[in-house]
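> Could you look at this predicted model? Sequence included:
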Amino acid sequence: MAKDKALTAKNSVGTWLKHPIGGPLIRQLLAQAGVDEKVLAPVKLLPLQSLVAMSQGQMPQSLVDDLVEKANSGDPSVIEGLDAAAPAEVEVAEADAPADDFEPEPWEEAITPGRFAGKTVIVTGAASGIGLATASRVAREGGRVVAVDISAEKLEAFRASLPEAEIVTVAGDITRQESVDAIVAAAGDRIDALANVAGINDDFSPLHETEDAMWDRVLGVNLTGVFKLTRAVIPAMLAAHTGSIVNVSSEAGLRGNASGNAYTVSKHGVIGLTKSAAFMYGREGIRVNAVAPGGVATGIPLPPHVSEWGTAKLRPYQMQMPTLATAEQLAASITFLLSDDGVNINGAVLASDGGWSVQ
């Protein structure tokens, strides 16, 4: 039973909610913030630690550390004043819990040593979120990583975090040709793989509210940047008669009710680009695939002002999201397709969304 085990920040949110002390502590925080417990439904399978990045500063690391300390202190005064009405199922053995309360064992990243040995892999958006997790995994599996992002400082922090790995950083904007040229130059004559991960959100606006600036920026980063960089690496792959490209689309590339107009169009466009390139270059030894994430616990911010119209339309469907994923889980999907393990896969769109797309 969950209550018999010490809690850590690696335990899932669901495990915390079932715990006789951890549960009331979490609910107390939610009550103080005026937030309903239902908001935690999509993150129940994620580690509590992941909420730090997701909250964009509203849940600092110190708060998580404090929760862990209190839950394991053994001090009776900790639970004084807490709502003792923790869910009844806390006292029920996990085997007797309802089916929708099942919690699998926490997923742990399993590195495959040497999977990218001898390969040069370009990863965009490599300073944070899915891009960082992907670049890190490739590097730890022996690849030479060309890490691309607009933040030179964050890229340097990434490189410093893996001093034994071969990491080349390029700070630039993938929508600008000079940055694309710099990326290709940094990679050198051999480019084995490309992960187009960089992307930005829109403001959830429907078409009639979408401003030119929002449209141009979102389409520029999410689609035009993918086009420019992919176009730039293809010649090296053609010369070598081999290569693997993975483009990050989205659940919004599979349906119309996951995000705003500009983002949805951009991510549908990524899938079209992927399929066209897969067809054109498949017999040349180049594989081109896409990954379509659902919700991911990366804390990527929305614009400061989001559309009330669009938000109201989207909210009921976004609330049906079965679970959020971690950036590392998405990196597992991306690196599988990037690697030789995906040898017979070309033109596929892998929905790495916890099953959201089948609802």
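Okay, I see it.
> same question for the longest helix along the chain, mean pLDDT?
Looking across the chain with DSSP state H, the single longest helix is helix 261-281. The pLDDT scores in helix 261-281 average 98.
> Tell me the buried residues in that helix?
Buried positions in helix 261-281, judged by neighbour count with 16 or more other C-beta atoms under 10 Å: 261-271, 273-275, 277-278, 281. Bear in mind the C-beta positions are built from the backbone N, C-alpha and C, glycine included.
> And for stretch 319-326?
Buried residues in stretch 319-326 (16+ other C-beta under 10 Å): M321, P322, T323, L324, A325, T326.
> then stretch 116-134 to CSV, C-alphas only?
Extracted in CSV, the C-alpha atoms of stretch 116-134 (Å, rounded to 0.1, in the frame of the first residue of the first chain):
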residue,chain,number,x,y,z
PHE,A,116,24.2,6.8,-31.9
ALA,A,117,28.0,6.1,-31.9
GLY,A,118,29.7,7.6,-34.9
LYS,A,119,26.6,9.6,-35.9
THR,A,120,26.1,13.4,-36.1
VAL,A,121,22.6,14.4,-35.0
ILE,A,122,21.2,17.9,-35.2
VAL,A,123,18.5,18.7,-32.6
THR,A,124,16.6,22.0,-32.6
GLY,A,125,14.9,23.4,-29.5
ALA,A,126,17.8,21.7,-27.6
ALA,A,127,17.9,24.2,-24.6
SER,A,128,14.7,23.0,-22.9
GLY,A,129,11.8,20.6,-22.9
ILE,A,130,11.6,17.8,-25.5
GLY,A,131,14.5,19.2,-27.4
LEU,A,132,16.8,19.1,-24.4
ALA,A,133,15.7,15.6,-23.4
THR,A,134,16.3,14.4,-27.0
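> Can you name the residues bridging to S12?
Going by DSSP bridges, S12 is paired in beta bridges with P47.
> so what's it scoring on pLDDT?
For S12, pLDDT reads 83.
> OK, contacts around it?
For S12, the contacting residues are K44, L45, L46, P47, L48, E103, P106, by C-beta atoms under 8 Å, 6 or more residues apart in numbering.
> Quick check: phi and psi on the second one?
Pointing back at L45 there. With angles defined as degrees, to the nearest 10, L45 sits at phi -90, psi 0.
> That one - nearest residue in space that isn't next to it in sequence?
Spatial nearest neighbour of L45, excluding adjacent residues (C-beta to C-beta, 6 or more residues apart in numbering): T323 at 5.0 Å.
> any idea how far the one you found lies from K44?
7 Å (C-beta to C-beta, to the nearest Å).
> and the closest residue to A165 other than its chain neighbours, what helix or strand is that in?
Computed as C-beta to C-beta, 6+ apart, the closest residue to A165 that is not its neighbour in sequence is A139, at 3.9 Å. Assessed by DSSP states H and E, A139 sits inside helix 129-140.
> I'd assumed T169 was in contact with E156.
Yes. Under the criterion of C-beta atoms under 8 Å, E156 makes contact with T169 at 6.5 Å.
> Settle it for me: which of these two has more neighbours?
Between E156 and T169, counting by other C-beta atoms under 10 Å, T169 is the more crowded of the two (22 against 15).
> Make sure the more buried one is actually in contact with R159.
Yes. Using C-beta under 8 Å, T169 is in contact with R159, at 5.6 Å.
> Which helix or strand in the protein has the lowest average pLDDT?
helix 50-54 (a mean of 77; mean pLDDT, DSSP states H and E).
> neighbouring contacts of that one?
Here helix 50-54 makes contact (C-beta under 8 Å, 6+ apart) with V13, V43, M59, P60, Q61, V64, A297, T298, G299, L324, T326.
> Please state the backbone phi and psi of the fifth one?
Q61 adopts backbone torsions of phi -60, psi -40, taken as degrees, to the nearest 10.
> That one and Q32: what is the separation?
Taken as C-beta to C-beta, the span from Q61 to Q32 is 19 Å.
> Those two: which is more packed in?
The neighbour comparison of Q61 against Q32 (other C-beta under 10 Å) goes to Q61, with 11 against 8.
> can you tell me how far the more buried one sits from G125?
23 Å.
> still on that earlier bit, write a PyMOL command that selects only the buried members of the contacts of helix 50-54.
A single PyMOL command selects the buried members of the contacts of helix 50-54 (16+ other C-beta under 10 Å):
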select buried, resi 13+43+59+64+297+298+299+324+326
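> any chance of the contacts of helix 50-54 in JSON lines, with distance to A239 and secondary structure too?
Shown next, in JSON lines, are the contacts of helix 50-54 (distance: C-beta to C-beta, whole Å; DSSP: H, G, I helix; E, B strand; the rest coil):
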{"residue": "V13", "distance to A239": "49", "secondary structure": "helix"}
{"residue": "V43", "distance to A239": "45", "secondary structure": "helix"}
{"residue": "M59", "distance to A239": "49", "secondary structure": "coil"}
{"residue": "P60", "distance to A239": "50", "secondary structure": "coil"}
{"residue": "Q61", "distance to A239": "47", "secondary structure": "helix"}
{"residue": "V64", "distance to A239": "49", "secondary structure": "helix"}
{"residue": "A297", "distance to A239": "39", "secondary structure": "coil"}
{"residue": "T298", "distance to A239": "35", "secondary structure": "coil"}
{"residue": "G299", "distance to A239": "40", "secondary structure": "coil"}
{"residue": "L324", "distance to A239": "41", "secondary structure": "coil"}
{"residue": "T326", "distance to A239": "37", "secondary structure": "coil"}
